[in-house]
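**Student:** can you look at this prediction? I've put the sequence above it.
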Amino acid sequence: MSVEVKVPNLPESVSDATVAKWHKKPGDSIARDENLVDLETDKVVLEVPAPADGVLKDISAEEGATVTEGEVLGLMEEGEAPSSDEDEGDDESKDSGGEESSKSGDSGKDTDDQSSAKKRESDSGRDKSAEKDLPPSARRMVAENDLDAGEIEGSGRGGRVTKGDVVKHMAGGATGPRPEERVKMSRLRSRIAERMKEAQNTAAILTSFNEVNLKEVMDIRARYKEDFQKHHGVKLGFMSFFVKACCEALQKHPVVNASVDGEEIVYHGYQDIGIAVSTDRGLLVPILRDAHRMSLAEIEQGIAEYAEKARKGTIQLEDLQGGTFTITNGGVFGSLLSTPLLNMPQSAILGMHTIKERPVAENGEIVIRPMMYIALSYDHRIIDGKDAVQFLVAVKEALEDPARMLLGL
């Protein structure tokens, strides 16, 4: 019995999705609930499981197609896939029939002509088959550069030709080609671009800077990190200290935690902190709800769970919605200083950076300390320079004397 594979219910406020990747091709066996295809929305990737055991017969929506809720993605047949032995038997039968036909030919010339024709058809079939098995990026390069897929040596699984194999094949030519590739933006990348441009076009963005001496934080981490991990099952990182420091500073300077709605300023009496997470698909910002009520351990556990979901592509849309303030850490990539862009409709974002040992003056002496530059980008329409600078100073003071912060003093 034929079974339709359809687009599942999409998250609220999402009208359509893009077919990101098929994990099966027509003729492949499928187990019930096995992931057949990934659908990409503006922010999350949805997995579409097989509705039954069987064989994938046809794909209606190819990779890159835009689909809507309930639309048919493909067709499958319930039951087992034909065994490879049966296929080989059919081929042997056809080959045998071909040989008998050749033997009954009127002349040796006719036999040679038939063999040549069969060889041309076979070669053509192999070329088409090889091109069909190429991943989309490699297929485009083959078509754009008029290459013969059958001449390219594949290094992928089962000898499959990859994009890298095509580039390598082209680089080995005598003409020294300079390949280019056009790749359509993913839904997530398009949404990121849209939001970044919206921030620049809407807000009056300004950035203020300060630096933080992280010696005390690093001493606490060195002293308690092993006990912390044993007790809470998660590592004690820097981000939890920054979240706590920002929550304290936001309570002292609530306009930094506010947002603009038309001609009104919305002051939020809570701190929902977005933590920017980099993934292969792009930047995601999951939200720690009521972060001001969370302990260091709860913050670290929340961040670890979101990071794991983001890497696996299982993060949910509701995990990314809302937020009153964002923290982004370019330091993990080695960034020394940056001016982060606002995560609209929020009015401010804190940028963390790499920690560098630098000489600083303390009590009239030059000492080496682990220093970090911090940056606050803010919407100057509602946040004055004074508020931004005082917010940064509050974050700095909390991090340079973390004991007072943790004791609630």
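**Tutor:** On my side now, so go ahead.

**Student:** and this protein, what are its domains?
**Tutor:** 2-78, 188-406 (automatic domain parsing).

**Student:** these: lowest mean pLDDT?
**Tutor:** Note on those: domain 2-78 shows the lowest mean pLDDT, a mean of 88.

**Student:** returning to what we had before: tell me which of the domains of the chain approaches M141 most closely.
**Tutor:** domain 2-78 (15.8 Å; CB to CB). C-betas here are computed from N, CA, C, even on glycine.

**Student:** distance between the ends of that closest one?
**Tutor:** 6 Å (CA to CA, to the nearest Å).

**Student:** what does stretch 144-161 give?
**Tutor:** OK, stretch 144-161 end separation, CA to CA: 16 Å.

**Student:** and that stretch, how far out from the chain middle?
**Tutor:** On the basis of CA atoms, centre = their mean, to the nearest Å, stretch 144-161 sits 27 Å off its chain's mean C-alpha point.

**Student:** for that stretch, which positions count as buried?
**Tutor:** L147, A149, I152, G154, V161 (16 or more other CB atoms under 10 Å).

**Student:** just curious, which of the residues you listed is nearest to K386?
**Tutor:** V161 (61.0 Å).

**Student:** ok but that closest one is inside a strand, no?
**Tutor:** No - judged by DSSP: H, G, I helix; E, B strand; the rest coil, V161 forms no part of a strand; its state is coil.

**Student:** quick check: it touching R139?
**Tutor:** No - judged on CB atoms under 8 Å, V161 makes no contact with R139 at a distance of 9.2 Å.

**Student:** ok, what's across the strand from V72?
**Tutor:** K6 (DSSP bridges).

**Student:** what about it, distance to E63?
**Tutor:** 16 Å (CB to CB, to the nearest Å).

**Student:** can you tell me which two in the buried residues of stretch 144-161 are farthest apart?
**Tutor:** L147 and G154 (13.0 Å).

**Student:** want to throw the buried residues of stretch 144-161 into a markdown table with secondary structure?
**Tutor:** Formatted as a markdown table, these follow (three-state DSSP):
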| residue | secondary structure |
| --- | --- |
| L147 | coil |
| A149 | helix |
| I152 | coil |
| G154 | coil |
| V161 | coil |
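
**Student:** I152 and P179: what is the separation?
**Tutor:** 13 Å.

**Student:** for the host helix or strand of F209, name the packing helices and strands.
**Tutor:** Using DSSP states H and E, F209 maps to strand 205-213. Helices and strands touching strand 205-213, as assessed by 3 or more CB pairs under 8 Å, 6 or more residues apart in numbering; DSSP states H and E, comprise strand 365-379, helix 385-400.

**Student:** could you give the bridge partners of M352?
**Tutor:** N329.

**Student:** neighbours of D290, just the number please.
**Tutor:** 13 (other CB atoms under 10 Å).

**Student:** I'd say it and G269 touch.
**Tutor:** No - using CB under 8 Å, D290 makes no contact with G269, being 10.8 Å away.

**Student:** which of the residues in stretch 70-79 are buried?
**Tutor:** L73, G74, M76, E77.

**Student:** ignore the last one, stretch 52-69
**Tutor:** Of the residues in stretch 52-69, those buried under the neighbour-count criterion (16+ other CB under 10 Å) are D53, G54, V55, L56, I59, A61, V67.

**Student:** list of residues touching the helix or strand E4 falls within?
**Tutor:** Using DSSP H and E, E4 sits within strand 2-6. By CB atoms under 8 Å, 6 or more residues apart in numbering, the surrounding residues in contact with strand 2-6 are 36-37, 48, 50-52, 54, 57, 70-78.

**Student:** now with 7 Å?
**Tutor:** Taking contacts as CB atoms under 7 Å, 6 or more residues apart in numbering, the residues outside strand 2-6 that touch it are 36, 48, 51-52, 54, 70-78.

**Student:** same check on stretch 188-205?
**Tutor:** Contacts of stretch 188-205 (CB under 7 Å, 6+ apart): 40, 42-43, 281-283, 341-342, 344, 377, 379-381.

**Student:** ranges for the strands of the stretch 151-300 of the chain?
**Tutor:** Assigned by DSSP state E, counting those that start in this stretch, the stretch 151-300 of the chain shows strands spanning 205-213, 259-261, 264-266, 273-275, 277-279, 282-284, 287-288.

**Student:** quick one: neighbours of the nearest residue to L236 once chain neighbours are set aside, just the number.
**Tutor:** Leaving aside its sequence neighbours, L236 sits nearest to F228 (CB to CB, 6 or more residues apart in numbering; 4.3 Å). Number of residues near F228 (other CB under 10 Å) recorded here: 19.

**Student:** do the same with T354
**Tutor:** 16.

**Student:** repeat for D227
**Tutor:** Residues near D227, counting by other CB under 10 Å: 10.

**Student:** how about the strands in the stretch 1-150 of the chain?
**Tutor:** So, for the stretch 1-150 of the chain - with DSSP E, counting those that start in this stretch - the strands run 2-6, 16-22, 29-30, 35-40, 45-49, 54-59, 66-68, 72-78.

**Student:** let me know which of the domains of the chain is the nearest to M170.
**Tutor:** Between the domains of the chain, domain 2-78 lies closest to M170; by CB to CB that is 23.1 Å.

**Student:** circling back to that earlier point, of the buried residues of stretch 70-79, which is the nearest to R358?
**Tutor:** Nearest member of those to R358, counting by CB to CB, is L73, at 55.8 Å.

**Student:** and the gap between that closest one and H268?
**Tutor:** 41 Å.

**Student:** dump the buried residues of stretch 70-79 into TSV; add distance to I355 as well.
**Tutor:** Formatted as TSV, the buried residues of stretch 70-79 follow (distance: CB to CB, whole Å):
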residue	distance to I355
L73	48
G74	50
M76	53
E77	58
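
**Student:** with respect to P359, which of the residues you listed is nearest?
**Tutor:** Looking across these and measuring by CB to CB, the closest to P359 is L73, at 61.3 Å.

**Student:** which residues are in contact with the closest one?
**Tutor:** V5, K6, V7, V37, V48, S60, A61, V67.

**Student:** apply 6 Å and report the result again.
**Tutor:** With contact set as CB atoms under 6 Å, 6 or more residues apart in numbering, L73 has these partners: V5, S60, A61.
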